[in-house]
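A.B. asks: Model the following, please.
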Amino acid sequence: MGIFSFFSKEKKESLNKGLFVTKQSFFSKLANAIMGKATVDDEVLENLEEILLTSDVGVDTSLRIIERIKKRVAKERRVETSRLNEILKEEIAELLVSNGLEDKDDFWLPTDKKPYVIMVVGVNGVGKTTTIGKLAYQFKKSGKSVVIGAADTFRAAAVDQIKIWGERVGVPIVSQGMNADPASVAFDTLKSAVAKGMDIVIIDTAGRLHNKINLMNELTKIKNVMQKIVPDAPHEILLVLDASTGQNAIEQCKQFTAATDVNTLALTKLDGTAKGGVVIGISDTFQIPVKYIGVGEKMEDLQVFNKNEFVDSLFKQ
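C.D. replies: Prediction:
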């Protein structure tokens with residue numbers, strides 16, 4: 001099958017719509033940067049660097065992109081500004097870390113892990129609960145059985161919100177209410193999943209960063225307790241970040257990767273921001289694959305991230 005076999009026309013349209021604000025901002029700035037210029041020179045590169053920075057690509061990644069383009073300009077001696085979009089597209093695609101799902105079906109998971117355990121982390125307000133609900137919906141839609149553990153017991157609202165999503169999607173929730181021991185909730189969830197032969201377990205966790213040591217201890221405890229039921233759990237530690245917060249999302253990623261072994265990312269709220277460049281910066285800086293992106297409010301607007309489709313959409317005018 002071709003690399004885009006599983007990326008439907010509807011998903012492409014949703015992605016194009018979700019990236020519209022970012023594209024509009026980026027290309028209007030780029031057009032101004034090369035106005036009156038026939039070839040790429042130092043001034044164009046300086047302007048391009050500023051555009052990347054203001055699109056929240058991040059300092060290190062922006063400099064890396066500029067250096068790579070400089071090398072191409074030096075090698076080819078003359079690079080016309082009309083080619084800048086294509087060159088940028090190629091360089092950005094090279095920097096994005098593959099999640100290995102480009103040639104897989106939507107919401108694909110390994111079949112040798114049952115239950116497949118996903119621990120979801122992230123601060124409050126980034127769309128963590130919504131992402132969990134939409135993930136559960138997509139997995140159920142693909143024929144998988146799902147159970148959610150309400151282990152964010154720090155806020156009463158978190159438990160209530162995840163229960164509402166469970167009812168909406170039609171998946172069971174394991175909960176002990178507010179102030180319960182999160183590790184105990186995770187233990188009960190996995191125990192129930194194994195007993196019932198469930199395919200997927202999604203564990204919500206508390207979204208607070210005020211004390212990194214406490215956060216680290218709590219997440220470690222949850223992992224250790226889960227491993228008493230499923231020895232290699234969690235199979236995935238998914239960090240949810242709000243793309244619209246730009247550089248703040250990069251800082252959150254730094255904090256959470258220091259606290260636990262994050263191995264996949266979900267970027268939400270891409271549809272309402274001009275800061276879509278943060279996807280590139282985070283993937284390159286932390287060398288962690290972006291697995292899911294949120295490009296709208298509908299259930300189907302949580303998409304499996306395809307770096308090739310993302311770059312194509314970003315540069316489609």
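A.B. asks: which ones are touching Ile131?
C.D. replies: One correction, residue 131 is Thr, not Ile. Applying Cβ atoms under 8 Å, 6 or more residues apart in numbering to Thr131 gives the contacts Val120, Val240, Ala266, Thr268, Tyr292, Gly294, Leu302. Any C-beta I mention is one placed from the backbone N, CA and C, and that applies to glycine too.
A.B. asks: Could you measure from the fourth one over to Pro110?
C.D. replies: Between Thr268 and Pro110 the computed distance is 24 Å (Cβ to Cβ, to the nearest Å).
A.B. asks: From the chain's centroid, how far away is the strand or helix carrying Lys134?
C.D. replies: For Lys134, the enclosing helix or strand under DSSP states H and E is helix 128-141. On the basis of Cα atoms, centre = their mean, to the nearest Å, the separation between the geometric centre of helix 128-141 and that of its chain is 14 Å.
A.B. asks: In helices, which of the contacts of Thr131 fall?
C.D. replies: Taking DSSP state H, every one of the contacts of Thr131 sits outside helices.
A.B. asks: Which secondary structure elements does whichever strand or helix holds Phe27 sit against?
C.D. replies: Per DSSP H and E, Phe27 falls inside helix 20-33. Packing contacts for helix 20-33, counted by 3 or more Cβ pairs under 8 Å, 6 or more residues apart in numbering; DSSP states H and E, involve helix 42-54, helix 307-314.
A.B. asks: Of all the ones you listed, which one is nearest Gly133?
C.D. replies: Minimum separation from Gly133 across the helices and strands packed on helix 20-33 (Cβ to Cβ) falls at helix 307-314, 23.0 Å.
A.B. asks: List the buried residues for the closest one?
C.D. replies: Lys307, Glu309, Phe310, Val311, Asp312, Ser313, Leu314 (16 or more other Cβ atoms under 10 Å).
A.B. asks: Could you do stretch 218-225 as well?
C.D. replies: Residues Glu218, Leu219, Ile222, Lys223, Val225 are the ones in stretch 218-225 that count as buried (16+ other Cβ under 10 Å).
A.B. asks: Please apply the same query to stretch 76-91.
C.D. replies: Buried, per 16+ other Cβ under 10 Å, within stretch 76-91: Val79, Thr81, Leu84, Ile87, Leu88, Glu91.
A.B. asks: and it, how far apart are its ends?
C.D. replies: Counting by Cα to Cα, to the nearest Å, you get 16 Å between the two ends of stretch 76-91.
A.B. asks: cool, and stretch 28-39?
C.D. replies: End-to-end distance of stretch 28-39 (Cα to Cα): 18 Å.
A.B. asks: what pLDDT does Ala266 get?
C.D. replies: Note for Ala266: predicted pLDDT of 97.
A.B. asks: Leaving out chain neighbours, which residue sits closest to it?
C.D. replies: Here the nearest residue to Ala266 in space, its sequence neighbours aside, is Tyr292; by Cβ to Cβ, 6 or more residues apart in numbering that works out to 4.1 Å.
A.B. asks: Fine by me, we can end here.
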